[in-house]
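Asks: One predicted model, sequence on top.
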Amino acid sequence: MKLEPLKIQHDLVAWLTVAGDKIRQSLTEELQVNTKSGRNDLVTNRDKEIERFYVNQIRTYYPEARIYGEEGLGDEINDLSGLIFFVDPIDGTMNFVKQKENFATMIGVYLDGEPIVGGILDVMAQRLVVGGPQTGVMLNGRPLSKRPSLDIKDGLIGVNSRMLSENINQVTDLIRLSSGARITGSAGVEFSQVIMGKQIGYISNLSPWDVAAGWAIASALNIEAHTIAGQRPSLLKREIIIAGIPTVWQNFAKLQS
Ligand code: IPD
Ligand code: CA
Ligand code: CA
Ligand code: CA
């Protein structure tokens, strides 16, 4: 199989755009909301419809690929071999239900565990970041360059609310060293903030489909992602991820020692 990252990138742009249009058009329609693991873990009929749309597209145009989708319409994935599409149909479902903004739809594509391309659409802001190590990164069609280095005191760090309630010392210490913390409630939107240079980092407890798109794009721009132990994201389980320009991990590691 010949891999064509640019073709995959074009397909991601097309699919994410269609999905974003579908989600925005359906905002006035009644939503069926159910809980999954607990009262703060929501899923709607829209999450499932959008995942079904992506799965149909991927099966049609990339029949050799496997699909790791949040809502379970893809494949059971226990290893990273071959071509895998990581699909998060609505990232920030709580925001989608409660705020009708600050949510994303996103897909990350990996070959044997290596990033190929990712795409994140902030649905209501209509901000699409897409790209990867071989294709470069675009924001709504405009190229983005590598993030400049910045001192920890000069940048904002995004976190999820669990990070605050779990009170992990290095996280609170790192935030104290920074310009401050921000909580958006969507990993995709947070990764986009880092990719666009509006935040220097993002720390959160994330599943593979939460990390895959952002990490694929970020890896083209001098933005790293580490687990607490300093390893690369496993993309196979939920784990704490420290993403950001190198200074974020350097300071986090120093606080650990
Ligand atoms: C969640 C959001 C949230 C993050 C959680 C994710 P979902 O994704 O990205 O910001 O804190 O860890 O699970 O479930 O809304 O797709
Ligand atoms: Ca979810
Ligand atoms: Ca998600
Ligand atoms: Ca989701």
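Replies: Great, that's in hand. Ligands and ions are numbered 1, 2, ... in the order given.

Asks: Just the helices from the stretch 101-250 of the chain, written as ranges.
Replies: In order along the chain, the stretch 101-250 of the chain carries the following helices (DSSP state H, counting those that start in this stretch): 161-166, 169-177, 187-195, 208-218, 246-256.

Asks: so what secondary structure elements neighbour the shortest one?
Replies: The one in question is helix 161-166. In this structure, helix 161-166 makes packing contacts with strand 201-206, judged by 3 or more CB pairs under 8 Å, 6 or more residues apart in numbering; DSSP states H and E. The C-beta positions use only the backbone N, C-alpha and C, and glycine is treated the same way.

Asks: how big is the angle separating the strand it packs on from helix 246-256?
Replies: Inter-element angle recorded for strand 201-206 and helix 246-256: 70 degrees (by axes from the mean of the first three to the mean of the last three CA atoms, to 10 degrees).

Asks: what comes up buried for strand 201-206?
Replies: By neighbour count on 16 or more other CB atoms under 10 Å, the buried set for strand 201-206 is 201, 202, 203, 204, 206.

Asks: Ok, stretch 224-239 next?
Replies: The neighbour-count check on stretch 224-239 (16+ other CB under 10 Å) flags 224, 225, 226, 228, 233, 235, 239 as buried.

Asks: any chance of those residues in CSV, with pLDDT too?
Replies: Listed next are these as CSV, based on pLDDT from 0 to 100:
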residue, pLDDT
224, 97
225, 98
226, 98
228, 95
233, 98
235, 98
239, 96
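
Asks: Which of these lies at the shortest distance from ligand 4?
Replies: In terms of CB to the ion, no member of the buried residues of stretch 224-239 lies closer to ligand 4 than residue 235, at 15.8 Å.

Asks: for this protein, what's the longest helix?
Replies: helix 5-25 (DSSP state H).

Asks: Now do that helix and helix 208-218, the angle between them.
Replies: Compare the direction of helix 5-25 with that of helix 208-218 by the same axes, to 10 degrees and you get 130 degrees.

Asks: Sounds good, over and out.
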